[in-house]
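> Here is the input, now give the coordinates:
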Amino acid sequence: MTYGSPRHYKTDSNCKEIVSILRKLGFRVHVTNAEWDLTVQFHGLTMLCEVRPEDKPKVARKGRQELFHGVFSVYWLSSHEDCLNLRKTLLNQSEVIRENLCLHLSKQERGTTSETTANHPVPVVDP
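Residues are numbered from 1 along each chain as shown. Below you'll find the predicted structure:
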């Protein structure tokens, strides 16, 4: 199935507020209003987001959106707290990626191809 907006969809009542909060928190935000509402980027990581008012259930609408959400991970946003949690999640993921990259580069400099952690070998893939 090809995804993308065949027409312009309505925005949720709190979409402008959520976009404003995300931008104040340092996110890049692109409003799509298709099978997902926002594409956001923070610290080099990109996330697809769905905006819903707090009084509505966090479930995909029937049809194309439901199919899309069944294939792709979509982060749900309803409040300022959700935006802060998304920021925290992406900061943590960014840090893990950075640590793994530094570990990989360090091993590469030493010529190490694997490391044993808790008696489990962790292979290092050379680029």
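
> Quick check: phi and psi on the residue sitting nearest the centre point of the chain?
Residue closest to the average C-alpha location in the chain (CA atoms, centre = their mean): residue 47, at 2.5 Å. In terms of degrees, to the nearest 10, the main-chain angles of residue 47 are phi -140, psi 140.

> Next up, the contacts around it.
Shown in contact with residue 47 (CB atoms under 8 Å, 6 or more residues apart in numbering): 39-41, 75, 86, 90. (C-beta placed from N, C-alpha, C; glycine too.)

> Give me the buried positions along the strand or helix carrying residue 103.
With elements taken from DSSP states H and E, the one containing residue 103 is helix 80-110. When burial is assessed from 16 or more other CB atoms under 10 Å, helix 80-110 yields the following buried residues: 82-83, 86-87, 90, 107.

> can you list these in JSON lines and add distance to residue 18 and pLDDT?
Shown next, in JSON lines, are the buried residues of helix 80-110 (distance: CB to CB, whole Å; pLDDT from 0 to 100):
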{"residue": "82", "distance to residue 18": "8", "pLDDT": "95"}
{"residue": "83", "distance to residue 18": "6", "pLDDT": "96"}
{"residue": "86", "distance to residue 18": "10", "pLDDT": "95"}
{"residue": "87", "distance to residue 18": "12", "pLDDT": "95"}
{"residue": "90", "distance to residue 18": "15", "pLDDT": "92"}
{"residue": "107", "distance to residue 18": "41", "pLDDT": "75"}
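
> ok, which stretches of this structure are helices?
In the chain, the segments counted as helices under DSSP state H are 15-24, 64-71, 80-110.
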